[in-house]
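S.K.: Sequence plus predicted model, see below.
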Amino acid sequence: MNAPTTIETTLKDWETDQEVRWCPGCGDYAILKAVQRTLPQLGADPANTCFISGIGCSSRFPYYIESYGFHTIHGRAPAVATGVKLANPDLDVWLVTGDGDGLSIGGNHLMHVLRRNVNMQIMLFNNEIYGLTKGQASPTSREGTKSPSTPIGSYDHPARPAAFALGSGARFVGRGFDVSKNLPDVLKAAHAHQGAAFIEIFQNCIVYNKDVFHEFAAPKGAEDSQLWLENGEPMLFAKESKGITLNRETLALEVVDVTDGDWEAAGVFVHDVTNRSIAHMLVEMPFGPFPMALGVLYDDPRPTFEAAVAKERNLASEGKTPDLAALLAKGQTWTVDS
Amino acid sequence: MATQTADTRSDISNQEAITVRFAGDSGDGMQLTGGQFTLSTALAGNDLATFPDFPAEIRAPQGTLFGVSAFQINFGAREVDTAGDAPDVLVAMNPAALKVNLPALKPGGLVIIDTGEFTKRNLDKAKYDTSPLDDDTLAKFDTLKLDISAMTLEAVKPFGLGKKEALRSKNMWTLGLALWMFDRPRAPLHEWLRAKFKNKPEIADANIAALDAGHAYGETAELAGPLQQVHLDPVPTAPGLYRTVTGAEAVSLGLVAGARLLDLPMFFGGYPITPASAILHHLAKLKEFNVTTFQAEDEIAAICAAIGASYAGSLGVTSSSGPGIALKGEAMGLGIMTELPLVIVNSQRGGPSTGLPTKTEQSDLYQAVYGRNGDAPLPVIAARSPGDAFECAIEACRIAVQYMTPVMLLTDGYIANASEPWMVPDPDDFERFPAEFLTQPRGEELLPYKRNERGARPWIKPGTPGMMHRIGGIEKAADTGHIDYSPDNHQKMTEIRRDKVLGVDIPDQDVCLGDTSGTLAVVGWGSTYGPIHQAVTRARAKGLSVSHIHVRHIWPMPGNLGDLLRSFDHVMVPEMNTGQFKTVLRDQYLVDAQPLTKTSGQPFAIAEIESAIEGALS
């Protein structure tokens, strides 16, 4: 369970005395502020909150949040966090990772924390580049990305974090970007979800991959390029002049024009966060022909891993007394008389 | 019954200890046979040591040389420390088992052969050009040729099993014969078979019939041949309650006891690997002792989850074998840097790489002591025997928590699988060492890296009000634990971490056999204890000036060890690697330690060490 007790805090209560060491203008600053703004709104208790990260720019995050924090090793934060949650399921755990940390060196752990459904919020800062090691192409870099390790352009196909998460069995997939005013809402929904909640946060690396998300993240033209999904609401964008529907012949999503606001006539879908089939299409929906799908793409909880572990332990312990002396003397024994 | 008598017979009826090896195809149930024979031996009050030796393949192709599985047991009316050198008795269930194991048999020893399996096809698979039953292959030995297959089929006929199923009882027929040979009661075996096949009573009955038939065979067959009944008196041992225990069981029990003495829940992160998996299996059945077991996605996740659990206030434990330990290396560094308690059990096996998964070796000593990036010291403890692993596990738990450090416990494939009689300890005899958590700052400021008199930083559980702080793998400033890359701080912190581990309180080194000074010290660690002890016993009986020193604390080493070694003219270090502990001793004490090494995947024979001792003193 998340945050068993709620307390009152302000943004200031979540700031540490540590000097923030990201590059000036880095998108991480905006994410940090969004999180620090969100935590008081959740009634979160700093003493009961734990930020766990791997390695990379994003993973410096715990040093700047006044709560418990564990900056672990490259890619392994999901495993550490799993141990933390199993040892103390009451802690409110936030995992911070990046595209290299979470999808390259730590891809295996990310897959397993999602399919096990360990109750935590997983924020993957996707800047499509290795920042802290000075700009190499990452597993999410687009084909043709020029970097010190790919001087004439990268040629491997990028991973799609949200699709990876959903394919791994995630029961919550959200998306946002660093400077979006809606990011706190996505974080809140993730926090409310019981289980592993995966949030892909597009983050601008101002030094090595500047403005790579500009096409949809820039305020100008945002109406046309962003599809903010709301549960129970039609999938509309471009000032409600366009919508998303399913082409029943190709079984693929397509953009339709909406005339006079009559989205029903245009066959626009109403977003149902529990519809896994549509979620699979949304995470795969290519930006360009389509707007960028943002917000809560999928949210359908099922029992958490730590609950299952506790249940199994109770079941296995039922009717047994933990008698160490009896345990040591178990099996066939014999006595040597004096 | 066809018998053949060797020119030089070895009469086992006069021996104080006897070594028997059961060998067959990996599908023949030899480990089961050996295990049950072990239990009956223990119940008879003989001291014993076992050596299961099985292939890496689960079901290697039937009848092949690499599919041979063997179980050796040494038992006696006196103290037994090893699984025995050359077997006195070899039971060979097929040609391949004979081919692989005959070279080990003592000249004049007894070999019992199931002739029913000596078909052309099986002889071919064992690469015999002519049948060893017909040529002089067995000339040096006493031979008992029995068609065990046929006699088993006959015995289980009333139960209407198919031939394949019926032949599965061959091992019980053989066990029955062995029980007769060594004057053991059958009742416990009957009981065990009934319990094992509770839901298949016809299988239980068939096995019991086969067991009884084997036993009856021994009783009624004319005993003039090599077959003779031998009775070994129980070993006079300290009074108390006994059971048999394998190293894997003893480690698991020791960890449970250690967590109990610490008053902590235990979190065990593991990943399947031979021969370490047995610990995961044992602990998975002990959930009522506040144990959580977690089968992780890989070795790295297993240790990282254990670190996470320790961070959250449990006793984190992980276990593996050489290749898995290598994968865990970086995370051990994290445990060392963040100064969290962690117990890492390494059941060593032959390496490098996949190496010899089911064979024993002691070649991870460098990896244990030195095998991490950076100056990354951690305490290393090595168990000498299955029973000793219990105490070593408790010791590892204590050190890990009292010093806020990862600790590595070394066992090996031999210790993990071998069983020995074990006096059941009373948990109340162990001193408790409850873990302490810091719940409020000691002064005005919270200092997560401020040390106590042991050099340990405080353990602060997340969830504790007002104690929020951040830790991580980046170099920490002394006291505050803030990120600090400065040159002076790293110098200081490196020394602090080194000195903390060097300062761990461990007992002085004793001499387990012989004088505290003299001509030769034979210095061992880990599972070489048994053969060294016996070899030194024999050498001393011949009047040689030799002592046995067996080191449990590999790092840090006992404070008096250097002086102790220097009080001998010569130091010999037998170990199942190319001389790793020898190198560490030379480095630490500048003593001229001489290696005696073996890397065949088999434990030392007593005779090998005995002759090395004689060589060193000649």
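M.R.: Received the coordinates, thanks.

S.K.: so residue B:437, which of the three states?
M.R.: At residue B:437 the chain is in coil, as set by DSSP: H, G, I helix; E, B strand; the rest coil.

S.K.: Wait, it touches residue B:311, no?
M.R.: No - taking contacts as Cβ atoms under 8 Å, residue B:437 lies outside contact range of residue B:311: 11.8 Å. All C-beta spots, glycine's among them, are computed from the backbone N, C-alpha and C.

S.K.: Looking at these two, which one has more neighbours?
M.R.: Using other Cβ atoms under 10 Å in any protein chain shown as the criterion, residue B:437 and residue B:311 rank with residue B:311 on top: 30 against 12.

S.K.: got the contact list for the more buried one?
M.R.: By Cβ atoms under 8 Å, 6 or more residues apart in numbering or on different chains, the residues touching residue B:311 are A:70, A:80, A:83, A:84, A:87, B:338, B:340, B:462, B:471.

S.K.: what about stretch A:49-60, distance to the chain center?
M.R.: Relative to its chain's centre, stretch A:49-60 lies at 13 Å (Cα atoms, centre = their mean, to the nearest Å).

S.K.: give me the residue from the stretch 251-400 of chain B nearest chain A.
M.R.: For the stretch 251-400 of chain B and chain A, the shortest gap (Cβ to the nearest Cβ) falls at residue B:308, measuring 2.7 Å.

S.K.: For that residue, grab the count of nearby residues.
M.R.: For residue B:308, using other Cβ under 10 Å, the count is 33.

S.K.: Enumerate the residues of the stretch 51-200 of chain A near chain B.
M.R.: Listed as neighbours of chain B in the stretch 51-200 of chain A under the rule Cβ under 8 Å from any Cβ of the partner chain: A:52, A:55, A:62-63, A:66-73, A:76, A:78-88, A:90-91, A:108-109, A:111-112.

S.K.: Inside strands: which ones of the contacts of residue B:311?
M.R.: Among the contacts of residue B:311, the residues falling in strands (DSSP state E) are A:70, B:471.

S.K.: mind listing which of the contacts of residue B:311 are in helices?
M.R.: Mapping those onto helices (DSSP state H) picks out A:80, A:83, A:84, A:87, B:338.

S.K.: Please list all residues in contact with the fourth one.
M.R.: Neighbour list for residue A:87: B:265, B:267, B:292, B:308, B:309, B:310, B:311, B:312, B:313, B:314 [criterion: Cβ under 8 Å, 6+ apart].

S.K.: Quick check: chain neighbours aside, which residue is closest to the fifth one?
M.R.: Spelled out, it's residue B:309. Distances taken as Cβ to Cβ, 6 or more residues apart in numbering or on different chains place residue B:267 nearest to residue B:309, at 3.4 Å, with adjacent residues excluded.

S.K.: Could you tell me which strands the helix or strand in which that neighbour is found is paired with, and in which direction each runs?
M.R.: Assigned by DSSP states H and E, residue B:267 belongs to strand B:266-270. Take DSSP bridges as the rule and strand B:266-270 pairs in its sheet with strand B:291-295 (parallel), strand B:315-320 (parallel).

S.K.: Need the max-distance pair from the ones in helices among the contacts of residue B:311.
M.R.: Farthest-apart pair in these is A:87 and B:338; separation 15.0 Å (Cβ to Cβ).

S.K.: residues near residue 183, how many?
M.R.: Picking chain A for this. When neighbours are counted by other Cβ under 10 Å, residue A:183 registers 26.

S.K.: hm, I was asking about chain B
M.R.: Number of residues near residue B:183 (other Cβ under 10 Å) recorded here: 11.

S.K.: for residue B:288, same thing?
M.R.: Residue B:288 has 17 neighbouring residues, counting by other Cβ under 10 Å.

S.K.: for residue B:162, same thing?
M.R.: For residue B:162, the count of nearby residues is 8 (other Cβ under 10 Å).

S.K.: And it, how close does it get to chain A?
M.R.: As judged by Cβ to the nearest Cβ, to the nearest Å, residue B:162 and chain A stand 32 Å apart.

S.K.: What does the pLDDT read for that residue?
M.R.: Here, the pLDDT recorded for residue B:162 equals 90.

S.K.: now the strands for the stretch 51-200 of chain A?
M.R.: A:68-71, A:92-98, A:120-126, A:129-130, A:136-137, A:172-177, A:196-202 (DSSP state E, counting those that start in this stretch).

S.K.: For those strands, could you give me CSV that also reports mean pLDDT and mean neighbour count?
M.R.: Below are the strands of the stretch 51-200 of chain A laid out as CSV (pLDDT from 0 to 100; neighbours: other Cβ atoms under 10 Å in any protein chain shown):
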stretch, mean pLDDT, mean neighbour count
strand A:68-71, 98, 26
strand A:92-98, 98, 30
strand A:120-126, 98, 28
strand A:129-130, 96, 26
strand A:136-137, 97, 22
strand A:172-177, 98, 27
strand A:196-202, 98, 29
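
S.K.: so which of these gets nearest residue B:502?
M.R.: That would be strand A:68-71 among these, by Cβ to Cβ, at 27.2 Å.

S.K.: just the CA coordinates of the closest one, formatted as CSV?
M.R.: What follows is strand A:68-71 as a C-alpha-only set of coordinates in CSV (Å, rounded to 0.1, in the frame of the first residue of the first chain):
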residue,chain,number,x,y,z
TYR,A,68,15.1,8.3,1.9
GLY,A,69,17.2,7.7,-1.2
PHE,A,70,19.4,5.0,-2.7
HIS,A,71,21.6,5.7,-5.7
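
S.K.: on that earlier part again, what's near enough to touch the residue of the stretch 251-400 of chain B closest to chain A?
M.R.: Contacts for residue B:308 (Cβ under 8 Å, 6+ apart) come out as A:52, A:70, A:79, A:80, A:81, A:82, A:83, A:84, A:85, A:86, A:87, B:316.

S.K.: Output the ones in helices among the contacts of residue B:311 as TSV; include the columns distance to residue A:18.
M.R.: Shown next, in TSV, are those (distance: Cβ to Cβ, whole Å):
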residue	distance to residue A:18
A:80	20
A:83	25
A:84	21
A:87	26
B:338	17
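
S.K.: So among those residues, which ones count as buried?
M.R.: Neighbour counting by 16 or more other Cβ atoms under 10 Å in any protein chain shown classes A:80, A:83, A:84, A:87, B:338 among those as buried.

S.K.: Relative to residue A:283, which of the ones in helices among the contacts of residue B:311 is nearest.
M.R.: Distance ranking of the ones in helices among the contacts of residue B:311 against residue A:283, using Cβ to Cβ, places residue A:80 first at 26.4 Å.

S.K.: Could you list the contact residues of the stretch 201-338 of chain A toward chain B?
M.R.: Within the stretch 201-338 of chain A, the positions adjacent to chain B are A:309, A:312-313, A:316-317, A:320-322, A:324-325, A:327-338 by Cβ under 8 Å from any Cβ.

S.K.: Give me the buried subset of the residues you listed.
M.R.: By neighbour count, with 16+ other Cβ under 10 Å, these hold A:309, A:313, A:317, A:324, A:327, A:328, A:334, A:336 as buried.

S.K.: just those now: which is nearest residue B:405?
M.R.: Using Cβ to Cβ, those come closest to residue B:405 at residue A:324, 25.4 Å.

S.K.: Which residue is the nearest non-sequential neighbour of that closest one?
M.R.: In space, and not counting its chain neighbours, residue A:324 is closest to residue B:427: 4.5 Å by Cβ to Cβ, 6+ apart.
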